[in-house]
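Participant: Predicted model, plus sequence, below.
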Amino acid sequence: MVSRTAAYVAMYRALETLEPKPVIRDPYAIRFLPRELAMAVRASRVAPVRKLLLRYADHRAPGARTSAIARTAAIDELVYQLVFSGLCRQVVLLGAGFDARAHRLPELAGVPVFEVDRRETQASKRAHVPASKVTYVEVDFLRDDAFAKLEAAGWKRDQASLIIWEGVTNYLTEAAVLRVLSEVGRCAAGTRIVFTYIHRGVLDGSHAFVGGEQIRANVAKLGEPWTFGLEPSAVGDFVARAGLVLRRDHGADEYRREWLGKTSPGYAFYRLAVAERTDHDAIHQCDECESSYVAATSRMSALCPECSHILYGYPNCEHAFVDGRCTKCGWNGARSAYIRRLLER
Ligand SMILES: C[S@@+](CC[C@H](N)C(=O)[O-])C[C@H]1O[C@@H](n2cnc3c(N)ncnc32)[C@H](O)[C@@H]1O
């Protein structure tokens, strides 16, 4: 079955691309849509129609669209920081669906990109994108060893990778999620995985979230029910079981505020986390200031904590970094880097 949820995320990206000042641009997204969704997007080229459709989409799935757009922008920024800087030399999209980063992000032009998903969704996607350097790897996370298949396809375990797992873990089991994370824990030091997960409370009812029940019912109706979530306070320990260090973990309200400013509520349970495979004992020399530092203390593998903070906006002390902004110096590295890049295009 071709993933319907992947099509809805692509529709959100196609609609955002029509905005006068889009946060992300994805000219490929419309190509993947089933006829009725593609027609709705085409009609939305007329601004008042778009306004109505967005209102309807936000009513049907409160917060889903804005969460998808903001997290895509946040992950694009990470690609820029880690791949453009050369820290990660290969990119893996796990459960890639209709993610068109390989085609739309210029910094991926010279980098090996591997896309992992089920056969039917990949086949449907491949009919609509240029035959390119993307290596497609057919995997069912519930059954297959994704990383053995990736290695067989040419992915190199001994080179730092950026691994993107956007919008997928909530369809799996704890065992399948842990299996993938454990493989990431066996990758080269400096490998990062950015992944989304849902707050466990939306599944077991222990937390009330705006629109939670409604959205769970919607995805179940599409044949792709949500089956897995985590308690945010337990995520650090969960990734540590896989040999990873949690670097970031934000709820939708935080990353939405960061990228879109004020938005309507909903989807606060949809979280975005970054974990890293570090080399705990290694002493590195900072590429920028040449000081020595313990690798595990820095958010970046080639820069010391201070330089990674000043140059890229990574936090170097938890208490000073709130909602992506340092409360000491006010630096907001992620956003300024992204905006600079958009202006340069
Ligand atoms: C909501 S979509 C997200 C797609 C894409 N990452 C994006 O952000 O546009 C979920 C994706 O996970 C994939 N998926 C779900 N369960 C899977 C499984 N067991 N094995 C492989 N892929 C799976 C689906 O095929 C679909 O492409």
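Facilitator: That came in fine, so what should we check first?

Participant: Contacts only, for the residue of the stretch 51-200 of the chain at minimum distance from the ligand.
Facilitator: Nearest residue of the stretch 51-200 of the chain to the ligand (C-beta to the nearest ligand atom) works out as residue 97 at 2.5 Å. Heads up, the C-betas are built off the backbone N, CA and C, glycines and all. Residue 97 makes contact with 3, 5, 6, 9, 10, 117, 121, 125, 167, according to C-beta atoms under 8 Å, 6 or more residues apart in numbering.

Participant: check those against the ligand, which are close?
Facilitator: Counting by C-beta under 6 Å from any ligand atom, 3, 5, 6, 9, 117, 121, 167 from the contacts of residue 97 sit close to the ligand.

Participant: Secondary structure element holding the second one?
Facilitator: Element membership for residue 5 (DSSP states H and E) is helix 4-17.

Participant: Distance from the chain centre to that helix, please.
Facilitator: Once both centres are worked out by C-alpha atoms, centre = their mean, to the nearest Å, helix 4-17 turns out to sit 14 Å from its chain's centre.

Participant: same deal with stretch 45-64?
Facilitator: 23 Å.

Participant: By neighbours, which of the ones next to the ligand among the contacts of residue 97 wins?
Facilitator: Comparing the ones next to the ligand among the contacts of residue 97 by number of neighbours (other C-beta atoms under 10 Å), residue 117 comes first, having 26 neighbours.

Participant: wait, it sits on residue 95?
Facilitator: Yes: with contact defined as C-beta atoms under 8 Å, residue 117 reaches residue 95; the gap is 5.7 Å.

Participant: re earlier: what are the contacting residues of the helix or strand that the helix holding residue 5 is followed by?
Facilitator: Later in the chain than helix 4-17, the nearest helix or strand by DSSP H and E is helix 35-43. Identification of contacts with helix 35-43 by C-beta under 8 Å, 6+ apart yields 7, 8, 11, 14, 15, 18, 30, 33, 49, 53.

Participant: Of the residues you listed, just say which sits nearest to residue 137.
Facilitator: Among the contacts of helix 35-43, residue 7 lies closest to residue 137 (C-beta to C-beta), at 20.9 Å.

Participant: circling back: now for the contacts of helix 35-43: which two are most distant?
Facilitator: The widest separation within the contacts of helix 35-43 (C-beta to C-beta) is 19.7 Å, between 7 and 49.

Participant: and those two? which has more neighbours close in?
Facilitator: Neighbours were counted for residue 7 and for residue 49 using other C-beta under 10 Å; residue 7 has more, 20 against 13.

Participant: Hmm, that one is touching residue 34, no?
Facilitator: Yes: Residue 7 lies in contact with residue 34 (C-beta under 8 Å); the separation is 6.0 Å.

Participant: what about whichever residue of the stretch 201-345 of the chain sits closest to the ligand, how many neighbours?
Facilitator: Closest residue of the stretch 201-345 of the chain to the ligand, C-beta to the nearest ligand atom: residue 224 (6.8 Å). Counted with other C-beta under 10 Å, the neighbours of residue 224 add up to 17.

Participant: Leaving out the residues flanking it, which one is nearest to it?
Facilitator: Of all residues not flanking residue 224 in the chain, residue 5 sits nearest, at 5.0 Å (C-beta to C-beta, 6 or more residues apart in numbering).

Participant: so who does that neighbour touch?
Facilitator: So residue 5 contacts 97, 167, 171, 219, 222, 224 (C-beta under 8 Å, 6+ apart).

Participant: pLDDT at residue 281, what is it?
Facilitator: Residue-level confidence at residue 281 comes out at 61, pLDDT.

Participant: ok so, going back, show me which of the contacts of residue 5 is closest to residue 137.
Facilitator: Of the contacts of residue 5, the one sitting nearest to residue 137 (C-beta to C-beta) turns out to be residue 97, at 13.8 Å.
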